[in-house]
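[1] Give me a model of this one.
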Amino acid sequence: MEFLNQLLNQIVELAILLCEYTGVLVIAVSSVRGIIDYIKGNPQTRLNLAKGMAMGLEFKVGSEILRTVVVREVQEIFIVASIIALRALLTFLIHWEIKNEERNGSSGGSSEKAGK
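    Below you'll find the model as predicted:
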């Protein structure tokens with residue numbers, strides 16, 4: 001039984017690392033893309049950057065959820081729950097901004113084209 005417990009811990013730790021690194025990679029790539037889009041003057045820069053950040057945060061939240069599998073103490077549960085809550089709040093705010101940007105971008109984009 002101890003072997004299975006250790007195996008589970010190793011699998012979960014590997015999955016946590018994979019999610020963490022994937023989240024960091026997605027955020028980094030989105031940031032570089034955002035810089036390039038900003039330099040080029042792409043009007044979708046904010047929207048694309050927000051979508052990339054949201055996707056990266058989703059991976060980071062996934063890693064925190066996986067972390068709850070190997071938590072052993074009540075204090076660790078509160079810490080992990082706090083991290084999940086903060087990241088979920090950030091994700092919610094970014095999704096809210098994406099919706100507003102899409103709404104403003106679609107109405108603003110058609111008026112820009114009409115003005116040209």
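
[2] I'd like the next helix or strand past the one helix or strand residue 66 maps to.
    Secondary structure assigned from DSSP states H and E places residue 66 in helix 45-67. Using DSSP H and E, the helix or strand that follows helix 45-67 towards the C-terminus is helix 74-115.

[3] How about the secondary structure of residue 43?
    Classification of residue 43 into helix, strand or coil gives coil, according to DSSP: H, G, I helix; E, B strand; the rest coil.

[4] For this protein, give me the ranges with low pLDDT.
    By pLDDT under 70, the low-scoring segments of the chain are 106-116.

[5] and stretch 78-95, C-alpha only, in PDB?
    Extracted in PDB, the C-alpha atoms of stretch 78-95 (Å, rounded to 0.1, in the frame of the first residue of the first chain):
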ATOM      1  CA  PHE A  78      -6.100  26.600   3.700                       C
ATOM      2  CA  ILE A  79      -3.000  27.800   1.900                       C
ATOM      3  CA  VAL A  80      -3.900  25.900  -1.300                       C
ATOM      4  CA  ALA A  81      -7.600  27.000  -1.000                       C
ATOM      5  CA  SER A  82      -6.400  30.600  -0.700                       C
ATOM      6  CA  ILE A  83      -4.200  30.300  -3.800                       C
ATOM      7  CA  ILE A  84      -7.000  28.700  -5.800                       C
ATOM      8  CA  ALA A  85      -9.400  31.500  -4.700                       C
ATOM      9  CA  LEU A  86      -7.000  34.200  -5.700                       C
ATOM     10  CA  ARG A  87      -6.200  32.600  -9.100                       C
ATOM     11  CA  ALA A  88      -9.800  32.000  -9.700                       C
ATOM     12  CA  LEU A  89     -10.600  35.600  -9.000                       C
ATOM     13  CA  LEU A  90      -7.800  36.700 -11.400                       C
ATOM     14  CA  THR A  91      -9.200  34.400 -14.000                       C
ATOM     15  CA  PHE A  92     -12.700  35.700 -13.500                       C
ATOM     16  CA  LEU A  93     -11.500  39.300 -13.800                       C
ATOM     17  CA  ILE A  94      -9.600  38.500 -17.000                       C
ATOM     18  CA  HIS A  95     -12.500  36.800 -18.500                       C
END
